[in-house]
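# Sequence and predicted structure are below.
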Amino acid sequence: MNLFKKFEIYFSASTILTGTILGAGIFSLPYVFLKSGSYIFLFYLILATLISTITHLVFGESLLRTKGEHRFIGLAEIYLGPWAKKLVTLTTFISIGGCLLAYLILGGQFIYNFSNIIQKPIDLNLAVLILWIIGSLGVILGIRFISIGEALGAILIVFLIFVFFALGIPHLNINSLSAVNFKEFFLPYGVLLFALSGGSAVPEIFNYFRKKSLTPHEINFKKPIIWGSIIPAILYLMFILGVIGILGHQNISWDVIPELINKKLFLGLATDLLGILLILTSYFILALNFQNALIFDLKIKKGLAWLIPVFLPLILYQLGIHNFIKVISFLGAAILGIESLLNFLIHKKAQEKGNQIPPYSLKISRVIRIILITLLICGAVFEIINNL
């Protein structure tokens, strides 16, 4: 295989993971960066990227050590038993429901922003209801047109990141940025774990290799997982620096758009519309995946399985859960933290009991494994207690 062909395959496989990771959570990152301070944010960006990359790799190795086609819930049952399957089912339920709520909050805010741009302002709760109605229609209509929208959205967001970076970097004053804010020391942890998670795409990378009839002798299976996990972190940092360069470091809101509209109307409008597109496609896919999980994994009847993903996020919103940052921080630190912890436990068992030899094998020392597991447990416990 020539070098160009190999690069094309690595690039295509990496974009599967990168495209899954990149999402609407990006819009909150400049706010978190400024709130916590640049040094603290960069520390957590490196830490979260490291945790996410290792988690994706251990999940991939566990899949490759197990005959047949499996997903996370299947591996949990095989290697850890029924209790783990029940726990993963619960975390999946909370994770998808929480993501739908987060997208409902952010999407409603973006529709509200759009109404102000066109000088036809509407109430924020009405904007949320509009997003919910469109999202619910997506669940009813199915997924046929959604994959096109998701692919287009991923391309556009990468393009937009480079636009922000090119416009903002010449005006960025690094010296004016706050280095540390210990009052918000833990803020970036859950947000970044959420923003960098993409484990569901790992099996799709291997399916891509199978369709191409590629063997471990031709392709290094680890490389696209590593690059697919690291590239989003780089793109996020580019976006943050670009936004701060354009808007300055004072009073950036959690969704960026209002300040952007005041500074650069066209860029603000384009970003707002792209945000709505990203949120809707993600909302459709998550809701449909939730519906399928309820039908096939929990054996719930189709009617009820349709009602739960449609009405659960709206009910949670009506209960007063409106803080986007708190929602994604809880999902990242607590729920994804627990899932990452289970991934490490599954990986250990898979290395001992797996029924086939994988293309790669991670050698994680006992000390490193204990440190990572302890960190994930502490992060999850802290976030749960913080939200009680």
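Received the coordinates, thanks.
# Only C-alpha atoms from now on, for both contacts and neighbour counts.
OK.
# just the strands in the protein please.
Counting by DSSP state E, the chain has no strands at all.
# so where's it uncertain?
Across the chain, residues meeting the criterion (pLDDT under 70) sit at 1-2, 142-151, 153, 216-217, 297, 388.
# Spatially nearest residue to residue 376 (excluding sequence neighbours)?
Once flanking residues are discounted, residue 376 sits nearest to residue 337: 5.3 Å by C-alpha to C-alpha, 6 or more residues apart in numbering.
# Identify the residues contacting that neighbour.
Under the criterion of C-alpha atoms under 8 Å, 6 or more residues apart in numbering, the neighbours of residue 337 are 193, 376-377, 379-380.
# what's the neighbour count on residue 117?
Other residues near residue 117 number 18, with proximity taken as other C-alpha atoms under 10 Å.
# show me what contacts it?
Neighbour list for residue 117: 261, 269 [criterion: C-alpha under 8 Å, 6+ apart].
# For residue 111, see how far away it is.
Residue 117 is 10 Å from residue 111, where distance means C-alpha to C-alpha, to the nearest Å.
# go on, residue 370?
45 Å.
# Tell me which of these two has more neighbours.
Regarding residue 370 and residue 111, a neighbour count based on other C-alpha under 10 Å identifies residue 111 as having more, with 23 against 13.
# got the contact list for the closest residue to that one other than its chain neighbours?
Nearest residue to residue 111 in three dimensions, chain neighbours excluded: residue 127, at 5.6 Å (C-alpha to C-alpha, 6+ apart). Counting by C-alpha under 8 Å, 6+ apart, residue 127 touches 108-109, 111-112.
# same question, residue 341
Here residue 341 is in contact with 373, 376-377 (C-alpha under 8 Å, 6+ apart).
# export these to TSV and tack on neighbour count and distance to residue 213?
Shown next, in TSV, are the contacts of residue 341 (neighbours: other C-alpha atoms under 10 Å; distance: C-alpha to C-alpha, whole Å):
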residue	neighbour count	distance to residue 213
373	19	36
376	21	37
377	18	40
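# Out of those residues, flag the one nearest to residue 284.
Within the contacts of residue 341, proximity to residue 284 (C-alpha to C-alpha) peaks at residue 376, which comes in at 29.8 Å.
# Any buried residues in the helix ranked longest in the chain, and which?
Longest among the helix segments of the chain by residue count, using DSSP state H, is helix 82-117. Under the neighbour-count criterion of 16 or more other C-alpha atoms under 10 Å, helix 82-117 has 84-85, 87-89, 91-92, 95-115, 117 buried.
# Which stretches in the stretch 201-350 of the chain count as helices?
Using DSSP state H, counting those that start in this stretch, the helices assigned to the stretch 201-350 of the chain run over residues 202-211, 222-247, 257-263, 265-296, 302-318, 324-330, 336-353.
# For the fifth one, list the C-alpha coordinates in CSV.
These are the backbone C-alpha positions of helix 302-318, laid out as CSV (Å, rounded to 0.1, in the frame of the first residue of the first chain):
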residue,chain,number,x,y,z
LYS,A,302,-42.5,0.9,20.6
GLY,A,303,-45.1,3.4,21.7
LEU,A,304,-43.5,4.0,25.1
ALA,A,305,-40.1,3.9,23.6
TRP,A,306,-41.1,6.8,21.3
LEU,A,307,-42.7,8.8,24.2
ILE,A,308,-39.7,8.6,26.6
PRO,A,309,-37.0,10.3,24.3
VAL,A,310,-39.6,12.8,23.1
PHE,A,311,-41.0,14.0,26.4
LEU,A,312,-38.1,13.3,28.9
PRO,A,313,-36.0,16.3,28.0
LEU,A,314,-39.0,18.6,28.0
ILE,A,315,-40.1,17.3,31.4
LEU,A,316,-36.6,17.9,32.9
TYR,A,317,-36.5,21.4,31.5
GLN,A,318,-39.9,22.1,33.0
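# Taking helix 265-296 as reference, get the angle to it.
With axes from the mean of the first three to the mean of the last three C-alpha atoms, to 10 degrees applied, the angle from helix 302-318 to helix 265-296 works out at 140 degrees.
# Please name the residues that touch the residue nearest to residue 226 when sequence neighbours are not counted.
Nearest residue to residue 226, sequence neighbours excluded (C-alpha to C-alpha, 6+ apart): residue 53, at 6.0 Å. By C-alpha under 8 Å, 6+ apart, the contact set of residue 53 is 225-226, 229-230.
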